[in-house]
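> Sequence and predicted structure are below.
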Amino acid sequence: MRHLSTARRRLGAGVATLAVGLGAGVVALAGPAHADGGQAVAAESGDLAWGFKQSFRSYVGNQTAALPPIGALPYGQRITLAPPAAFDLDAAPASTSNQATPNETLPYLLPVSGGTVASADDLTVETTGAIAYHFPSHFFDITVENVGVRVSGGVASVVADVQAVVTGDFGEWHAGTYGGEDVTLAVADDADVTLSADTVSVALTGVRLTEDGAAALPLYGAGELLDDLSVSGALAPAPTAWTPSVTLSQATGLDPEATTTVTVTGSGFDPAANVGTRPPLAGKPTGVYVVFGAFPAAWRPSEGVAASARKVIDQKWVLPDPSFTEQGGQVPYVLLNPDGTFTTTLQVSAADTAEGNYGVYVYAAGGPVNAGQELYVPVTFANPGDVPIDVTVPEAEQPEEPGSFEWTISGAGAVSLGTAAQGEGAFTASGALRQVTVTDTRAGTPAWSINGRVGDFVAGERTFSGSALGWTPAVSANAGGAVAGAAVPPGVGTALTESRTLASAPAGHAPGAVAVDAGLGLRIPLTTPAGDYTGVLTLTAVG
């Protein structure tokens with residue numbers, strides 16, 4: 001039985017799916033991120049409860065068969081723990097006759113020290129602390145420490161660092177040193193994983209010694225049952241993915257004879273990314289400058305361009321707290337919110353002496369250099385000699401013709417391919433074109449085709465070629481004798497940057513309608529900078 005979220009999940013074979021969408025031709029590219037190791041398990045947020053093996057705790061804790069001349073160790077010295085491991089005082093001891101305080105035959109609590117959780121089928125939980133079993137009259141001294149739980153490929157296992165020092169032959173024991181680091185001691189017949197947004201817990205039953213475990217601890221054979229085990233911990237919040245971007249309330253056709261107030265809205269700016277190297281905020285968070293100006297084509301501080309090359313016409317300084325408050329909390333300072341957003345205004349005008357590219361520029365403030373927060377949005381002004389002329393053209397009255405040719409695209413808004421997934425050799429994304437319906441009832445039913453091509457995908461100054469996009473056309477409800485166009489593989493040759501046929505019908509085809517669909521696929525080079533990219537797929541009808 002499988003459940004997700006806050007429900008319990010029993011391990012077994014499973015498939016994880018990633019939902020992706022393509023919106024208005026926007027593809028969000030995420031960088032390699034955290035490889036996705038998943039969320040971290042917070043240290044000291046829980047305990048692993050285990051007793052290794054009840055009968056073994058009783059055997060070592062009682063030492064009733066201790067042989068002379070060594071004899072039995074005193075109570076309290078037979079099973080010892082290295083902090084922060086502790087005896088589980090709420091559990092039942094393996095033997096009530098042990099007189100140590102606390103009872104040495106109790107199970108153990110091992111504090112969680114870390115781990116990662118990608119899913120209920122892919123996780124690790126690590127602990128710290130050690131358990132030592134001392135039985136000198138039976139010639140062994142065993143230490144088990146750093147016990148952890150791993151779940152991978154539907155298999156749950158118990159791992160630990162083990163050292164077993166055997167000083168003499170005793171039964172099946174032979175003198176020597178056994179063990180090793182990160183030994184897979186046992187695997188579980190069954191594991192229940194409870195995974196929520198902020199916690200993880202694992203309960204293992206049918207915990208059986210492995211071949212490696214039997215070799216590291218020559219006490220029992222492979223397959224021997226050990227105690228059941230449980231562990232729980234808190235999940236640390238996933239790291240924020242900072243993707244800086246800015247938008248302008250107006251960026252084109254501004255009046256060159258006037259000053260226009262333009263609103264600048266920013267998002268995705270890490271408030272801690274920039275630390276000042278000069279007064280007044282040396283050693284403190286310094287945010288970014290937001291500037292309207294006329295800069296040369298090469299303007300970026302990260303490329304070594306001097307400040308004197310950048311003509312500033314209006315500027316604001318966007319600061320996170322507490323730097324914002326320390327500087328008075330008023331214009332020209334603007335608050336950078338903890339979530340990486342800000343809103344400010346700039347006075348935009350055409351300067352007679354300006355040379356360079358008008359635009360809104362964003363870059364690290366106070367001395368540091370941060371290429372990841374260097375952004376540019378062009379601003380254009382209307383030509384003073386331009387005279388707008390408006391005219392309304394009514395729809396022409398057409399003489400009636402027998403039959404018609406019509407084509408429509410279903411739905412509204414953009415297609416969304418979502419966040420591309422990093423694969424071997426490329427980022428990939430997929431989705432579906434909105435359905436196109438073609439109806440042709442014209443006399444003589446001449447030939448027709450629906451064709452498409454795409455330009456570059458753009459995110460600010462960053463681009464990648466439209467040849468990354470491909471499609472696989474298909475026709476259905478085909479009463480009009482149509483034929484689907486050939487599949488175009490993404491990222492191969494010119495792909496859809498050249499006009500390709502989505503669907504067509506030959507001259508003399510049957511009159512009627514056809515539904516045309518296409519699966520869309522992107523294959524984007526791994527060298528593509530992260531960003532939200534927009535591309536335009538243009539469909540045209542011929543016939």
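Thanks, I have it.

> Might you list the low-confidence residue ranges for this protein?
Counting by pLDDT under 70, the chain has low-confidence residues at 1-37, 65, 67, 69, 171, 352-353, 384-393, 397-402, 412-414.

> if we go to 80?
1-38, 64-71, 170-173, 238-240, 351-354, 383-393, 395-402, 411-414 (pLDDT under 80).

> Okay, domains of it per the record?
Using automatic domain parsing, the domain parsing of the chain gives 37-234, 254-378, 405-542.

> With respect to A396, which of the ones you listed lies nearest?
domain 405-542 (16.7 Å; C-beta to C-beta). Heads up, the C-betas are built off the backbone N, CA and C, glycines and all.

> where's the closest one relative to the chain centroid, distance-wise?
Mean C-alpha position of domain 405-542 versus that of the full chain (C-alpha atoms, centre = their mean, to the nearest Å) differs by 28 Å.

> Which SSE is immediately downstream of the longest strand anywhere in the chain?
Ranked by residue count under DSSP state E, the longest strand found in the chain is strand 176-195. Next helix or strand after strand 176-195 toward the C-terminus (DSSP states H and E): strand 199-209.

> one step back: quick one: list the elements packing against the longest strand of the chain.
Judged by 3 or more C-beta pairs under 8 Å, 6 or more residues apart in numbering; DSSP states H and E, strand 176-195 is in contact with strand 8-10, strand 140-152, strand 155-166, strand 199-209, helix 211-216.

> Let's see that with 7 Å instead.
strand 8-10, strand 155-166, strand 199-209, helix 211-216 (3 or more C-beta pairs under 7 Å, 6 or more residues apart in numbering; DSSP states H and E).

> Including distance to V542 and mean neighbour count, could these go into CSV?
Formatted as CSV, these follow (distance: least, C-beta to C-beta, whole Å; neighbours: other C-beta atoms under 10 Å):
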stretch, distance to V542, mean neighbour count
strand 8-10, 54, 16
strand 155-166, 58, 20
strand 199-209, 58, 20
helix 211-216, 69, 18
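
> any chance of these in a markdown table, with distance to Q435 too?
What follows is those, written out as a markdown table (distance: least, C-beta to C-beta, whole Å):
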| stretch | distance to Q435 |
| --- | --- |
| strand 8-10 | 37 |
| strand 155-166 | 44 |
| strand 199-209 | 43 |
| helix 211-216 | 57 |
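
> wait, which of the ones you listed is closest to G233?
Among the helices and strands packed on strand 176-195, if distance is taken as C-beta to C-beta, the winner is strand 199-209, at 5.9 Å.

> In its sheet, which strands sit next to the longest strand of the chain, and in what direction?
strand 8-10 (antiparallel), strand 155-166 (antiparallel), strand 199-209 (antiparallel) (DSSP bridges).

> G221: which of these is closest?
strand 199-209 (7.2 Å).

> ok, and what's touching that closest one?
41, 117, 123, 125, 149, 156, 158, 185-194, 220, 222-235 (C-beta atoms under 7 Å, 6 or more residues apart in numbering).

> Okay, angle between the longest strand of the chain and strand 140-152 too, please.
Angle, strand 176-195 to strand 140-152, by axes from the mean of the first three to the mean of the last three C-alpha atoms, to 10 degrees: 30 degrees.

> Return the distance of strand 176-195 from the chain's centre.
29 Å.

> State the next helix or strand along the chain beyond the top helix by length along the chain.
Longest helix of the chain, by residue count under DSSP state H: helix 54-62. Of the helices and strands lying after helix 54-62 in sequence (DSSP H and E), the nearest is strand 79-82.

> for that next one, packing partners?
Looks like strand 79-82 contacts helix 54-62, strand 130-135 (3+ C-beta pairs under 7 Å, 6+ apart).

> Quick one: list the elements packing against the first one.
Translated: helix 54-62. strand 79-82.

> List the buried residues of the strand it packs on.
79-81 (16 or more other C-beta atoms under 10 Å).

> E104: how many residues sit nearby?
For E104, the count of nearby residues is 25 (other C-beta atoms under 10 Å).

> Please list the outside residues in contact with stretch 366-375.
244, 246, 269, 273-278, 281, 286, 288, 300-302, 362-364, 460.

> Can you give the distance from it to the centre of its chain?
Relative to the mean C-alpha coordinate of its chain, stretch 366-375 is positioned 24 Å out (C-alpha atoms, centre = their mean).

> Would you mind writing the CA trace of it as CSV?
The C-alpha coordinates for stretch 366-375 follow below in CSV (Å, rounded to 0.1, in the frame of the first residue of the first chain):
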residue,chain,number,x,y,z
GLY,A,366,28.5,49.0,-2.5
GLY,A,367,31.5,47.5,-4.1
PRO,A,368,31.0,43.8,-4.6
VAL,A,369,30.7,42.3,-8.1
ASN,A,370,27.9,39.8,-8.8
ALA,A,371,27.3,38.8,-12.4
GLY,A,372,24.1,36.9,-11.4
GLN,A,373,22.4,40.2,-10.5
GLU,A,374,23.4,42.2,-13.5
LEU,A,375,20.3,42.9,-15.6
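
> Buried ones in it, by neighbour count?
366, 368, 370, 372-375.

> now do stretch 45-56
Neighbour-count burial for stretch 45-56 [16+ other C-beta under 10 Å]: 45-54, 56.

> what does stretch 261-277 give?
Buried, per 16+ other C-beta under 10 Å, within stretch 261-277: 262, 264, 266-271, 273-276.

> Save those as TSV, and put in distance to V331 too.
Formatted as TSV, the buried residues of stretch 261-277 follow (distance: C-beta to C-beta, whole Å):
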residue	distance to V331
V262	15
V264	13
G266	16
S267	21
G268	23
F269	19
D270	23
P271	19
A273	23
N274	20
V275	23
G276	20
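
> Between those, which sits nearest G129?
D270 (36.4 Å).

> Which of the helices or strands spans that closest one?
D270 belongs to no helix or strand, assigned by DSSP H and E.

> rewinding a little: looking at the helices and strands packed on strand 176-195, which is nearest to D517?
strand 8-10 (35.9 Å).
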